[in-house]
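> When you get a sec, could you give me coordinates for this:
(2 chains)
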There are 2 protein chains.
Amino acid sequence: MTEQEQKEQKNSEHELKQESKKFKEDTNIIYIGEKPFMNYVTGVVTQFKTKAQREVIIKARGKFISRAVDVAEVSAKKFLKEEKIKVKNISINSEEFENKEGKKVNVSAIDIVLEKA
Amino acid sequence: MTEQEQKEQKNSEHELKQESKKFKEDTNIIYIGEKPFMNYVTGVVTQFKTKAQREVIIKARGKFISRAVDVAEVSAKKFLKEEKIKVKNISINSEEFENKEGKKVNVSAIDIVLEKA
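Numbering: from 1, shown residues only, chains lettered A, B, ... in the order given. Next comes the predicted model:
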């Protein structure tokens, strides 16, 4: 690979990263993980308030499901009182996958859809 | 209180206990806690299979919410395949209460209603 080609590849990788970052900021889907609790609440509130979304989807798997419910409740009832946010729909499902030891395990998942009334 | 009165009180307490036990066995509400996971799955399966319930409600609070989703998924998809159990409704809510230190805390809760199709 010539130096020019390497440079071009690096550029396109950078663009891809930027795009994915932009996508992450613009999307109305909030994935719940182990970051500080308020990060997720702020994420939900920002989508409704700053980004003017009519709908936000909170997604979680496994042990983070309890947290997703907390995020939905705290966002809607504490921080978005005036916006009159309602739970539009909640769905659960589960996926089977192989863990590191090659054992089949099931993991449950939840989608909580909040909407502006 | 005379001996007779004491005896009567004891009897009525005993009856109350029996009734509450009976109620617990007959009810189609399963509360998720820290007992072994399969206890709850068996509880759900028994309600549909042995007690012929058309509907079972799985309830949980706080950290047990993730578990409630697991119980619902495993019961319906692994143990009640033939019964064609579907999620009828899922609702979330939260309650504020005072903890031991007198601090106000919020706890989220979930109700998962399963029904025989």
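
> Doesn't residue A:66 belong to a helix?
Yes: assessed with DSSP: H, G, I helix; E, B strand; the rest coil, residue A:66 lies in a helix.

> what does chain A have sitting close to chain B?
Within chain A, the positions near chain B by Cβ under 8 Å from any Cβ of the partner chain are A:62-66, A:69-70, A:72-74, A:77, A:87, A:90-94, A:106, A:108, A:110, A:112. For glycine as for every other residue, the C-beta is placed from the backbone atoms N, C-alpha and C.

> Spell out, range by range, the strands that occur in chain A.
A:29-31, A:55-61, A:85-98, A:104-116 (DSSP state E).

> What lies in contact with the third one?
By that I understand strand A:85-98. A:48, A:55, A:72, A:75-76, A:104-117, B:69-70, B:72-74, B:77, B:87, B:90-92, B:112 (Cβ atoms under 8 Å, 6 or more residues apart in numbering or on different chains).

> What strands line up against that strand, and which way round?
Here strand A:85-98 is paired, per DSSP bridges, with strand A:104-116 (antiparallel).

> Buried residues of the strand it pairs with, list them for me.
A:107-110, A:112-115 (16 or more other Cβ atoms under 10 Å in any protein chain shown).

> Out of those, which comes closest to chain B?
Proximity to chain B was ranked across the buried residues of strand A:104-116 by Cβ to the nearest Cβ; first place goes to residue A:108, at 4.4 Å.

> which parts of stretch A:90-104 are buried?
Neighbour-count burial for stretch A:90-104 [16+ other Cβ under 10 Å]: A:90, A:92, A:94.

> Next one: the last one from residue A:65, what distance?
Distance, residue A:94 to residue A:65, using Cβ to Cβ, to the nearest Å: 11 Å.
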